[in-house]
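Give me coordinates for this.
(chains A and B)
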2 protein chains.
Amino acid sequence: MIIDGKKIAKDLRKNLKNEIENLKNNIKPYLVVILIGDNTASKIYVKNKEKSASEVGIKSKVIKFEVNINEKDLINKIEDLNSDTSVHGILVQLPLPKHIDERKIISKINPLKDVDGFHPVNVGNLSSGNDAMIPCTPLGCYLLLKDTIQNLSGKNVVIIGRSNINGKPMAQLLLKENCTVTVAHSKTKNIEKICQHADIIVVAVGKPKMINKDWVNKNSVVIDVGINRIEEKGFKKIVGDADFENIKNEVSAITPVPGGVGPMTIACLLKNTLKAYKNQVK
Amino acid sequence: MIIDGKKIAKDLRKNLKNEIENLKNNIKPYLVVILIGDNTASKIYVKNKEKSASEVGIKSKVIKFEVNINEKDLINKIEDLNSDTSVHGILVQLPLPKHIDERKIISKINPLKDVDGFHPVNVGNLSSGNDAMIPCTPLGCYLLLKDTIQNLSGKNVVIIGRSNINGKPMAQLLLKENCTVTVAHSKTKNIEKICQHADIIVVAVGKPKMINKDWVNKNSVVIDVGINRIEEKGFKKIVGDADFENIKNEVSAITPVPGGVGPMTIACLLKNTLKAYKNQVK
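This next block holds a predicted model:
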């Protein structure tokens, strides 16, 4: 089975739109994105976020700063947004220029408005099983899995990649669902063999087509977070960390790249913005 | 090999004592423990913490409240201690009476003074790989492992039990050491088989002698966090989650119960108090 991330994301957006239309006051959820410098990929991501927000009825604004903005000015802006009750979500588009301390900036965002879920308080609350803002990519992967498998209890999961953005929060989400969770990474020995016995593989490492037939079994569900730009037979294309074409018929279910996790990530940003709104507007 | 937690804890305390004696000012690290109600086990733990603190030169005080103290009064006391610059560490002895929201109380402690490492900011920072106060029991387990194995990179670890107090922070500590980490628990299938292939097993589930010969191999290192009071042949005794007597010669190394992880936990509380002190007294 091919897991249709596009469709699942579309349904999620539709539900969000519906819920936002039916909010019982005239205040719309409001997301502010801070974009620093001139990174082409960042600009595209932010553009897509704006467009998707608008489609579901979320108000959004992009605040742009020159690449040489100093840290203090950025922090002042975040503090203004924190105290502005009309703003429900704040997203600082990463990566930041090198002279700015990313960790420090993230820690300045009001955790209630932290729609990326990167603030230590949100990371800690997710880990401890409390209510938290959950990072968009693992939340998207989780929703794809719930759509595919429903009851995850007792499933044997291998998460490949231990990033703060995906692997670690993914582990917390799946532990909470009673999965047995293995976190593997570049230093893992016999990773192929470990994966062979997994019910679920979530991979986010940036290695084109790494997961091949030898890594999976007929019951495997593969969630592929990788987005790799490669050239093949003279054509530029985007592929995941799994060799989709060669394993799609060897596994129980798999997400394509593009069209799998990607669309879910932005939809989850909208979901988080609505959640932030509901936590703030009583 | 028997991992001598008593000796390793003694060495750690000696080093702490030495470091505290050589502090370059006349301010001693100061730990305040809040004890609520009349729980016998809690009173013993607190007594031991006081005694150990005193031995290494840490000043400590126990503030006792009646079991019916209201939440607001407790929070007020914590806030007083937060703003008292002479206090470096605050520990609220758990469990709390049922009418008090444990999560809320923990979140009121200044993270810099949170010597138990349970505040969401500390949990989040540990998860994200930032500097953090680390919960005492997993920190103790980690130090025992480092003493036994040194280079943990690439080791295959199974952590049994996913508590916020031990399993989850343990997973973060060992991921940071480049271990491949599996978190198993009551819903895990084939747990025995999963353990057979582990280089390291850390177990904290409260099931007397659960880990027997069939769970281990000749190279296994077993860290046993369990403390179970049982009756055997008419005698009351304390045993761990591993069947120590029957597997100690079947594995590479194992902690006894008592005398393994236990002594390390209190020593790590002292270590955390000194760390809190150093983070606050410049």
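
quick one, helices of the stretch 1-150 of chain A?
With DSSP state H, counting those that start in this stretch, the ranges of helices along the stretch 1-150 of chain A come out as A:5-21, A:40-56, A:71-83, A:102-108, A:120-128, A:136-149.

and the ones you listed, which is most packed in?
helix A:120-128 (a mean of 26; mean count of other C-beta atoms under 10 Å in any protein chain shown). C-betas here are computed from N, CA, C, even on glycine.

now the angle from that helix to helix A:136-149?
Counting by axes from the mean of the first three to the mean of the last three C-alpha atoms, to 10 degrees, helix A:120-128 points 30 degrees away from the direction of helix A:136-149.

what's the average pLDDT for helix A:120-128?
For helix A:120-128, the mean pLDDT works out to 97.

That helix close to chain B?
Yes: using C-beta under 8 Å from any C-beta of the partner chain, a contact is recorded between helix A:120-128 and chain B, made by A:P120, A:V121, A:N122, A:V123, A:G124, A:N125, A:S127, A:S128.

how about those residues in CSV, adding distance to B:E102?
Compiled in CSV, these are given as follows (distance: C-beta to C-beta, whole Å):
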residue, distance to B:E102
A:P120, 20
A:V121, 17
A:N122, 19
A:V123, 20
A:G124, 15
A:N125, 14
A:S127, 16
A:S128, 11
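
Break chain A into its domains for me.
Domains of chain A are assigned by automatic domain parsing as A:25-110, A:136-261.

And the residue nearest to the spatial centre of chain A, how close does it get to A:E245?
By C-alpha atoms, centre = their mean, chain A has its centre lying nearest to A:T137, at 1.4 Å. With distances taken as C-beta to C-beta, to the nearest Å, A:T137 is found 23 Å from A:E245.

do A:K237 as well
Here the criterion is C-beta to C-beta. By it, A:K237 lies 11 Å from A:E245.

what ranges do the strands span in the stretch 151-282 of chain A?
Assignment of strands within the stretch 151-282 of chain A using DSSP state E, counting those that start in this stretch yields the ranges A:156-160, A:180-184, A:200-203, A:221-224, A:228-232, A:235-239, A:253-254.

would you turn those strands into TSV with mean pLDDT, mean neighbour count and distance to chain B?
Shown next, in TSV, are the strands of the stretch 151-282 of chain A (pLDDT from 0 to 100; neighbours: other C-beta atoms under 10 Å in any protein chain shown; distance: least, C-beta to the nearest C-beta, whole Å):
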stretch	mean pLDDT	mean neighbour count	distance to chain B
strand A:156-160	98	26	7
strand A:180-184	98	27	4
strand A:200-203	98	27	13
strand A:221-224	98	27	16
strand A:228-232	94	11	23
strand A:235-239	96	12	26
strand A:253-254	98	22	20
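
circling back to that earlier point, just so I know, which of the domains of chain A lies nearest B:Y277?
For the domains of chain A, the distance to B:Y277 is smallest for domain A:25-110, at 22.5 Å, taking C-beta to C-beta.

Share the number of residues neighbouring A:W215, please.
Neighbourhood size, A:W215 [other C-beta atoms under 10 Å in any protein chain shown]: 25.

tell me which parts of the stretch 1-150 of chain A are close to chain B?
A:103, A:118-125, A:127-130.

ok, and for the lengthiest helix in chain A, which residues are buried?
If you go by DSSP state H, chain A has its longest helix at helix A:261-280. Residues A:261-277, A:280 are the ones in helix A:261-280 that count as buried (16 or more other C-beta atoms under 10 Å in any protein chain shown).

shouldn't A:I8 be in contact with A:L144?
Yes: A:I8 is in contact with A:L144 according to C-beta atoms under 8 Å; the separation is 6.2 Å.

Are there residues contacting both of those two? Which ones?
Counting by C-beta atoms under 8 Å, 6 or more residues apart in numbering or on different chains, the contacts common to A:I8 and A:L144 are A:M264.

ok, the residue nearest to the centre of chain A - contacts?
A:I165, A:N166, A:A204, A:V225, A:V261, A:M264, A:T265, A:C268.

Next one: the first one relative to chain B, how far apart?
To chain B, A:I165 is 10 Å away according to C-beta to the nearest C-beta, to the nearest Å.

cool, and the third one?
Counting by C-beta to the nearest C-beta, the gap from A:A204 to chain B is 15 Å.

what sits against the residue nearest to A:S220 when sequence neighbours are not counted?
The spatial neighbour of A:S220 that comes closest, neighbours along the chain excluded (C-beta to C-beta, 6 or more residues apart in numbering or on different chains), is A:V251 at 4.3 Å. A:V251 is in contact with A:V216, A:N217, A:K218, A:N219, A:S220, A:V221, A:V222, counting by C-beta under 8 Å, 6+ apart.

again with A:I105
A:I105 makes contact with A:E71, A:L74, A:I75, A:I78, A:V92, A:L96, according to C-beta under 8 Å, 6+ apart.

I'd say A:Q172 and A:G124 touch.
No: using C-beta under 8 Å, A:Q172 is not in contact with A:G124; the gap is 10.3 Å.

Just list the residues touching A:N272, thanks.
By C-beta under 8 Å, 6+ apart, A:N272 lies in contact with A:G89, A:V115, A:D116, A:G117, A:M133, A:I134, A:C136, A:L139.

And the residue nearest to the third one when sequence neighbours are not counted, how far from B:N217?
Taking C-beta to C-beta, 6+ apart, and ignoring the residues beside it in sequence, A:D116 has A:L91 as its nearest neighbour in space, at 5.6 Å. Relative to B:N217, A:L91 is positioned 48 Å away (criterion: C-beta to C-beta).

and those two? which has more neighbours close in?
Ranked by neighbour count (other C-beta under 10 Å), A:L91 and B:N217 place A:L91 first, with 24 against 14.

what's the pLDDT at that one?
pLDDT, read off for A:L91, is 98.

Beta-bridge partners for it, please?
For A:L91, the beta-bridge partners under DSSP bridges are A:V33.

where's it relative to A:V33, distance?
Separation of A:L91 from A:V33 (C-beta to C-beta): 5 Å.

Touching both of these two, which residues are there?
Common contact partners of A:L91 and A:V33 (C-beta under 8 Å, 6+ apart): A:K49.

Output the helices of the stretch 1-150 of chain A in CSV, with distance to A:V181 appended to each entry.
Shown next, in CSV, are the helices of the stretch 1-150 of chain A (distance: least, C-beta to C-beta, whole Å):
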stretch, distance to A:V181
helix A:5-21, 22
helix A:40-56, 29
helix A:71-83, 33
helix A:102-108, 25
helix A:120-128, 13
helix A:136-149, 12
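
near chain B, which residues of the stretch 151-282 of chain A?
Checking the stretch 151-282 of chain A against chain B by C-beta under 8 Å from any C-beta, the hits are A:153-154, A:156, A:162, A:164, A:168, A:171-172, A:175, A:178-185, A:187-189, A:191, A:194.

let's go with 6 Å and repeat that
Counting by C-beta under 6 Å from any C-beta of the partner chain, the residues of the stretch 151-282 of chain A close to chain B are A:153-154, A:162, A:164, A:168, A:175, A:178, A:180-184, A:187-189.

right, and the pair among those residues with maximum separation?
Longest distance between any two of these is 29.3 Å, between A:S153 and A:K187; criterion C-beta to C-beta.

These two: which is more packed in?
A:K187 (16 against 12).

Would you mind measuring from the more buried one to A:I160?
12 Å.

Identify the contacts common to the two.
Overlap of the contact sets of A:K187 and A:I160 (by C-beta atoms under 6 Å, 6 or more residues apart in numbering or on different chains) is empty.

shouldn't A:P138 be in contact with A:G167?
No: with contact defined as C-beta atoms under 6 Å, A:P138 does not reach A:G167; the gap is 8.0 Å.

returning to that earlier point: specify the stretch among the helices of the stretch 1-150 of chain A that is closest to A:E231.
helix A:40-56 (18.0 Å).

who touches the closest one?
A:R13, A:L16, A:K17, A:I20, A:L31, A:V33, A:L35, A:S60, A:V62, A:Q93, A:I266, A:L270.

with those in mind, which one is nearest to chain B?
A:Q93 (18.6 Å; C-beta to the nearest C-beta).
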